[in-house]
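Fold the following for me, if possible:
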Amino acid sequence: REDSPFDKEPTTAKLGEPSWLRVKIAEWLPLSLRMTKMDLIYSTDFHGRTLETLYRRCQKAKHTIMLVEPLSASHGAHAVGMYASQAWKASTKIYGDGECFLFRLASDDDNAQSPSQCWKWKPKERCNLLEEEGQEADNSVNSSNRIALLDQFQVGTREYISMGGNQDGSAGLRLNEDLTRAETSTAAGFENEPLVASGLFEVGLLEVYQLVPLYS
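Below is the predicted model:
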């Protein structure tokens, strides 16, 4: 039996190929992961555009970088994306942890309208809410709901994949089931700028890289 093309290894990195991009991402990673390399494990060019295939390719891959190419002449970003501390999967539960982050990458920061930037999770507000929850029983429900939003790291369903969340249902970055459209908003806990100014955008290439030891 011949292997499905969706199970084969991608051969060429595109979005994640430039050395400046890899240097920038390394600066944002947790210290324990800075001496790693990016191995391409999923590409829409190679594996097609389905969440099902993305989940299958990422099911054993902790510590991944997802790079998303916005199709817009005015955004100025080479790519936007998210670092995931746990393997992406379809689940009814939220997963990931406070090491997750959102980012935007521009190839020319000096002249870019929206320069490269990383937004990490900020637990300070969560600590304040926990204190309020303990002190004021009347506010415990509201505090618990707010904490749940702040803890919305990785969300994977059959319909979409996202990171960061808000009470109105928007997300820091969310992609639809066929990975052709995305939306981005300021997300509770990350307090990021929208990664693309328009908020909604069509997706070009999407790649996922696993971080592995340099000398593996």
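
Now do the biggest strand by length in the chain, average pLDDT.
The single longest strand within the chain, with elements called by DSSP state E, is strand 200-213. Strand 200-213 shows a mean pLDDT of 96 in the predicted model.

how far is it from where the chain is centred?
8 Å (C-alpha atoms, centre = their mean, to the nearest Å).

same thing with stretch 155-166?
Between the centre of stretch 155-166 and the centre of its chain there are 10 Å (C-alpha atoms, centre = their mean).

other SSEs contacting the longest strand of the chain?
Counting contacts by 3 or more C-beta pairs under 8 Å, 6 or more residues apart in numbering; DSSP states H and E, strand 200-213 packs against strand 36-43, helix 44-47, helix 51-58, strand 64-70, strand 181-183. Placement of C-beta: from N, CA and C, glycine included.

nearest to P30, of these?
Nearest of the helices and strands packed on strand 200-213 to P30, taken as C-beta to C-beta: strand 36-43 at 10.1 Å.

Name the residues that touch the closest one?
If you take C-beta atoms under 8 Å, 6 or more residues apart in numbering as the criterion, strand 36-43 is touched by 9-10, 12-14, 16, 22, 25-26, 29, 53-54, 57-58, 61, 63-65, 205-214.

Go again with 7 Å.
For strand 36-43, the surrounding residues in contact (C-beta atoms under 7 Å, 6 or more residues apart in numbering) are 10, 13, 16, 22, 54, 57-58, 61, 65, 207-214.

contacting residues for the residue nearest to the spatial centre of the chain?
Nearest residue to the geometric centre of the chain (C-alpha atoms, centre = their mean): M82, 2.2 Å. The neighbourhood of M82, defined by C-beta under 7 Å, 6+ apart, consists of 66, 100-102, 163, 173.

same question for stretch 114-129, mean pLDDT?
75.

How about stretch 172-185?
97.

Can you measure across it, start residue to end residue?
This stretch, stretch 172-185, spans 5 Å end to end (C-alpha to C-alpha, to the nearest Å).

pLDDT weak spots in this protein?
Along the chain, the parts satisfying pLDDT under 70 run over 1-11, 73-75, 110-111, 123-150, 216.

who are the neighbours in contact with D45?
So D45 contacts L205 (C-beta under 7 Å, 6+ apart).

how much space is there between it and L54?
13 Å (C-beta to C-beta, to the nearest Å).

One more: Y215?
On the measure of C-beta to C-beta, Y215 and L54 end up 28 Å apart.

hang on, the earlier thing: pretty sure the residue nearest to the centre of the chain sits in a strand.
Yes - assessed by DSSP: H, G, I helix; E, B strand; the rest coil, M82 belongs to a strand.

Please name the nearest non-neighbouring residue to it.
Here the nearest residue to M82 in space, its sequence neighbours aside, is M163; by C-beta to C-beta, 6 or more residues apart in numbering that works out to 4.6 Å.

Who does the one you found form a beta bridge with?
M163 has these beta-bridge partners by DSSP bridges: Q154, L173.

wait, doesn't it sit right on L173?
Yes - assessed by C-beta atoms under 7 Å, M163 is found in contact with L173 at 5.5 Å.

Before I go, just wanted to say thanks for your time.
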